[in-house]
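Peer 1: quick one, structure for this:
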Amino acid sequence: MKNLIRVQDLDSLKKAVEGTQSYWLFKHSSTCPVSAAAWNEYNEYCSLHPQQTFLFLVVQEDKELSQEIAEITQIKHESPQLMHFSNMQVDWHASHNDIKSKAMQEFIA
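Peer 2: Residues are numbered from 1 along each chain as shown. As a prediction, the model looks like this:
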């Protein structure tokens with residue numbers, strides 16, 4: 001999917017969202033079954049909304065970026081974790097089993 005972009009550091013995150021008003025960011029754990037289920041929900045929503053921007057990072061490999069995001073947003077790190085940004089501010093977030101395609105759709109509606 002063209003609208004699903006991996007970010008691995010702050011520079012790649014800034015580049016990916018340049019000129020974008022809003023976007024989703026998913027913190028994925030590659031070893032967690034709950035994260036695998038949340039990843040499937042995220043991908044389902046992503047595939048249905050090609051006009052939106054979707055970013056992700058893998059916490060085991062992109063730990064520094066994950067920590068920087070927690071510091072910048074003042075939202076405690078969890079994984080899996082999903083955030084929606086609008087005008088560079090988090091306006092919705094969820095973690096673990098609360099990450100559902102339906103919840104994302106209801107937020108955007």
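Peer 1: residues in contact with the longest helix along the chain?
Peer 2: Identified as the longest helix of the chain according to DSSP state H is helix 33-48. Outside helix 33-48, the residues that touch it by Cβ atoms under 8 Å, 6 or more residues apart in numbering are 1, 3-4, 24, 26, 28-29, 52, 54, 56, 79-80, 82, 96-97, 99-101, 104-105. From N, CA and C alone the C-beta is placed, and that goes for glycine too.
Peer 1: could you identify the helix or strand that succeeds it?
Peer 2: Per DSSP states H and E, the first helix or strand lying C-terminal to helix 33-48 is strand 54-58.
Peer 1: report all helices and strands that whichever helix or strand comes after that next one contacts.
Peer 2: Later in the chain than strand 54-58, the nearest helix or strand by DSSP H and E is helix 63-73. Using 3 or more Cβ pairs under 8 Å, 6 or more residues apart in numbering; DSSP states H and E, the elements in contact with helix 63-73 are helix 10-17, strand 22-28.
Peer 1: just to revisit the earlier point, now the longest helix of the chain: buried residues?
Peer 2: S35, A38, W39, E41, Y42, N43, Y45, C46 (16 or more other Cβ atoms under 10 Å).
Peer 1: now, among the residues you listed, which is nearest to S66?
Peer 2: S35 (12.5 Å; Cβ to Cβ).
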